[in-house]
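>>> my questions are about this predicted structure, shown below with the sequence.
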Amino acid sequence: AQSVTQLDSQVPVFEEAPVELRCNYSSSVSVYLFWYVQYPNQGLQLLLKYLSGSTLVKGINGFEAEFNKSQTSFHLRKPSVHISDTAEYFCAAQSEWGGSNYKLTFGKGTLLTVNP
Amino acid sequence: SQTIHQWPATLVQPVGSPLSLECTVEGTSNPNLYWYRQAAGRGLQLLFYSVGIGQISSEVPQNLSASRPQDRQFILSSKKLLLSDSGFYLCAWTLDRGNEQYFGPGTRLTVT
């Protein structure tokens, strides 16, 4: 079993500022890690994922995340945000091993608000 | 390419009425299917998942049920809605561990 903690429920930033959304996970087995974005009244869309290899993962829309095994973290970053990045962001974990259900465990989400 | 549909997009139902939400996937075969619910400020709650036709696993005991009558069709039902059933319902699919879960556009349910 695993759990995912998103440390900030809301993050307000100004346009063109850098942002970091924090995610920590807890698991007794190795996990795959994902970041999803949800715009208002829409489904979730994958930003990026970490399966193995390089700990720095680049995703869509200029986002990147770094996997840190010792700190059990997978923080999402963007060097310069735009108004259009305003959305809710979800971190998720999936066990590398197990049955065929492929379930994801989601954090509670971080609402990123980009102000002009 | 694969697509996922959900309908209706919005629904307002009185307490005690029945519910049927439908999700269909196109362009893939034998996907795993999932129903999630989002309540305001509470993240995503996995309600049901299915690894094959007729195979349903429930994550949370409640007055909802799910069925998978065809490979790419997933239905969420209730005989009698409660106020607490209000929320945003999302359907998703995936093919394998480590792969992306693809989400539908969602159904906004308001129980009055």
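Perfect, thanks for sending it. Since we're looking at a predicted model, the values are computed, not measured.

>>> the residue lying closest to A:Tyr36 once chain neighbours are set aside - how many residues pack around it?
Residue nearest to A:Tyr36 in three dimensions, not counting chain neighbours: A:Leu44, with 4.1 Å by Cβ to Cβ, 6 or more residues apart in numbering or on different chains. For every residue, glycine as well, the C-beta is placed using N, CA and C. If you count neighbours by other Cβ atoms under 10 Å in any protein chain shown, A:Leu44 ends up with 30.

>>> separation between A:Leu44 and B:Val111?
23 Å (Cβ to Cβ, to the nearest Å).

>>> quick one: contacts for B:Ser78?
B:Pro18, B:Leu19, B:Asn63, B:Leu64, B:Ser65, B:Asp85 (Cβ atoms under 8 Å, 6 or more residues apart in numbering or on different chains).

>>> and the last one, what are its phi and psi?
To tie it back to what came earlier, the one meant is B:Asp85. phi -80, psi -10 (degrees, to the nearest 10).

>>> and if you look at B:Leu95?
Main-chain torsions, B:Leu95, degrees, to the nearest 10: phi -110, psi -20.

>>> just the one 10 residues further on next, same as before
Here the main-chain torsion angles of B:Pro105 (degrees, to the nearest 10) amount to phi -80, psi -10.

>>> for chain B, which residues are neighbours of chain A?
Taking Cβ under 8 Å from any Cβ of the partner chain as the contact definition, chain B meets chain A at B:32, B:34, B:41-44, B:46, B:49, B:51, B:57, B:88, B:90, B:92, B:94, B:96-101, B:103-106, B:108.

>>> three-state assignment of A:Ser80?
Classification of A:Ser80 by DSSP: H, G, I helix; E, B strand; the rest coil places it in coil.
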